[in-house]
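In: Provide a 3D model corresponding to the input given below.
(one chain, ligands or ions: 1)
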Amino acid sequence: MRPFIAGNWKMNNGPIRGKAFFEEIKEFPREKAQVVIFPPFPTLPQVKELAERKAIALGGQNLYWREKGAFTGEVSAEMLVEAGADFVLVGHSERRNIFGETDELINLKLKAALKWGLKPVLCVGEHLGEREEGRTMEKIKFQLDADLSGIDPHRLIIAYEPIWAIGTGKNATPDQAEEVHAFIKEYLGNIKVLYGGSVKPENAFSLMKQPHIDGVLVGGASLKPDSFYDIIMAGVKAFEEKG
Ligand code: 13P
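Out: You can find the predicted model right below:
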């Protein structure tokens, strides 16, 4: 087993900065970690070769479910494949909360991604109020049921990203994350579940040391080659110790 370390650049690192990142990042032991970066669309094809040289795969941050046509501003699964993506994020909380994506739309997006051979990383997570009311598992179950309707969960990766932990510097504790990961695996079977939300070099090891945490989805700390490399190596060490 090796850790799955993913970096979601969000609306950062255009082609120029993106290329510099891949030139600068140090080589990690390839057989010991699976690493994916999700750059903005214009950066994707520009960094494909550089990323390959460093054994880093690429993914899209979003897609539209229709194949082509009059959908101004949207990008299809086929276009992502053509641009060099192997993965795609679906249902990130910023897509849900800022852009109003519904579970019905997310379900269609997952189906489109799978049809084109992209591996979706489906993001789920609760708001602070839901956690405080003790409704975390209920919320996660609701999202999984709705988003995965008609889909074999084994075909994708789940990212548990508590909304209160995203970009706040306030990560879920390893125990809090572990509890939700164990629940997701019990509910869906043994699939990969990543943790996301204020992952940093300082907390990456203790999170990935948890038995049900298979890797991390990193936002802010994935923008700089050094901090992202340190997170990769924290995962390598955690998985060596987990055995
Ligand atoms: P931060 O690591 O910046 O909290 O972002 C997490 C995230 O949303 C990754 O998809």
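In: can you list phi and psi of the closest residue to the ligand within the chain for me?
Out: Nearest to the ligand in the chain, going by Cβ to the nearest ligand atom, is G219, at a distance of 2.2 Å. (Each C-beta comes from the backbone N, C-alpha and C, glycine too.) Per-residue torsions, G219: phi -90, psi -100 (degrees, to the nearest 10).
In: how far away is E126 from A172?
Out: Using Cβ to Cβ, to the nearest Å, we find E126 at a distance of 10 Å from A172.
In: now the residue of the chain closest to the ligand: closest residue in space, sequence neighbours ignored.
Out: Distances taken as Cβ to Cβ, 6 or more residues apart in numbering put N8 closest to G219, at 5.3 Å, once the chain neighbours are dropped.
In: would you agree that neighbour is in contact with S222?
Out: Yes: the pair N8 / S222 is scored as a contact, 6.5 Å apart, by Cβ atoms under 8 Å.
In: got the residue ranges for the helices in this protein?
Out: With DSSP state H as the criterion, the chain has helices at 15-24, 44-53, 77-83, 93-98, 103-115, 128-132, 136-147, 174-188, 201-208, 225-242.
In: need the ones you listed in TSV (columns: mean pLDDT and mean neighbour count).
Out: Shown next, in TSV, are the helices of the chain (pLDDT from 0 to 100; neighbours: other Cβ atoms under 10 Å):
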stretch	mean pLDDT	mean neighbour count
helix 15-24	98	16
helix 44-53	98	17
helix 77-83	98	19
helix 93-98	98	16
helix 103-115	98	19
helix 128-132	95	14
helix 136-147	98	17
helix 174-188	98	17
helix 201-208	98	21
helix 225-242	98	19
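In: so which residues make contact with stretch 79-88?
Out: Contact partners of stretch 79-88, identified using Cβ atoms under 8 Å, 6 or more residues apart in numbering, comprise 6, 36, 38, 41, 44-45, 48, 51, 57-63, 77, 113, 116-121, 157.
In: same check on stretch 98-118?
Out: Contacts of stretch 98-118 (Cβ under 8 Å, 6+ apart): 59-60, 62-67, 76-78, 80-81, 85-88, 90-91, 95-96, 119-120, 122, 143, 146-151, 155-156.
In: so of those residues, which ones are in strands?
Out: Secondary structure assignment by DSSP state E places 59-60, 87-88, 90, 119-120, 122 of the contacts of stretch 98-118 in strands.
In: and these, which two are the farthest apart?
Out: Using Cβ to Cβ, these reach their maximum pairwise distance at G60 and L122, which is 13.5 Å.
In: more crowded one of these two?
Out: Between G60 and L122, counted using other Cβ atoms under 10 Å, G60 has the larger neighbour count: 27 against 24.
In: distance of the more buried one relative to P162?
Out: Taken as Cβ to Cβ, the span from G60 to P162 is 23 Å.
In: which non-adjacent residue is nearest the residue nearest the centre of the chain?
Out: The residue lying closest to the centre of the chain (Cα atoms, centre = their mean) is L217, at 4.5 Å. Take L217 and drop its neighbours on the chain: the residue closest to it by Cβ to Cβ, 6+ apart is G196, 3.5 Å away.
In: ok, W116 next?
Out: In this structure, W116 finds its nearest non-sequential neighbour in A77, 3.7 Å apart by Cβ to Cβ, 6+ apart.
In: for L110, see how far away the one you found is.
Out: Using Cβ to Cβ, one obtains 10 Å as the distance from A77 to L110.
In: now A172
Out: Note on A172: its distance to L110, by Cβ to Cβ, is 24 Å.
In: report pLDDT for Q34.
Out: For Q34, the pLDDT comes out at 98.
In: kind regards, and thank you for your time.
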